[in-house]
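Asker: fold the following.
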Amino acid sequence: MPASVDLEKETVITGRVVDGDGQAVGGAFVRLLDSSDEFTAEVVASATGDFRFFAAPGSWTLRALSAAGNGDAVVQPSGAGIHEVDVKIT
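Answerer: Numbering: from 1, shown residues only. As a prediction, this is how the structure comes out:
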């Protein structure tokens, strides 16, 4: 995490894209959708499947899209800090 990030004020959603065996899936497109399923942001997962978004508290859907499959996960951060979630693709 960059030193300039104030975890007492910032809401950070972070995690990994994994397959059914729990192995990392690198290069997947990870989308952040708000509570009404509207597209908000997209990042490319690192080679080790890691991703990170800065978001507001609330309900978010993470959608991973890759050649190996797709998957969704829901996260509901209630405040500032790091909120971890893995997205499993099938």
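Asker: what's the weakest-modelled helix or strand in the protein?
Answerer: strand 81-84 (a mean of 94; mean pLDDT, DSSP states H and E).
Asker: how about low-confidence regions in the chain?
Answerer: 1-7 (pLDDT under 70).
Asker: look up phi and psi at the nearest residue to residue 24 once chain neighbours are set aside.
Answerer: Nearest residue to residue 24 in three dimensions, chain neighbours excluded: residue 49, at 3.4 Å (CB to CB, 6 or more residues apart in numbering). C-betas here are computed from N, CA, C, even on glycine. Phi and psi for residue 49, reported as degrees, to the nearest 10, are phi 80, psi 0.
Asker: what about residue 49, how many neighbours?
Answerer: 23 (other CB atoms under 10 Å).
Asker: give me every residue that touches it.
Answerer: The contact partners of residue 49, by CB atoms under 8 Å, 6 or more residues apart in numbering, come to 16-18, 24-26, 28.
Asker: about what we covered before: so how far is the least confident helix or strand of the chain from its chain's centroid?
Answerer: Distance of strand 81-84 from the chain centroid (CA atoms, centre = their mean, to the nearest Å) equals 10 Å.
Asker: which SSE is immediately downstream of that strand?
Answerer: strand 87-88 (DSSP states H and E).
Asker: what lines up beside that following strand in the sheet?
Answerer: Sheet pairing for strand 87-88, assigned by DSSP bridges, gives strand 11-18 (parallel).
Asker: OK, contacts around residue 34?
Answerer: 40, 58-61.
Asker: let me fix that, I meant to ask about residue 37.
Answerer: By CB under 8 Å, 6+ apart, the residues touching residue 37 are residue 61.
Asker: which secondary structure element contains it?
Answerer: Of the helices and strands defined by DSSP H and E, none includes residue 37.
Asker: distance check, it against residue 19.
Answerer: Note on residue 37: its distance to residue 19, by CB to CB, to the nearest Å, is 24 Å.
Asker: export the contacts of residue 49 to TSV and tack on neighbour count and distance to residue 74?
Answerer: Shown next, in TSV, are the contacts of residue 49 (neighbours: other CB atoms under 10 Å; distance: CB to CB, whole Å):
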residue	neighbour count	distance to residue 74
16	23	16
17	30	15
18	18	16
24	16	21
25	22	19
26	15	23
28	28	17
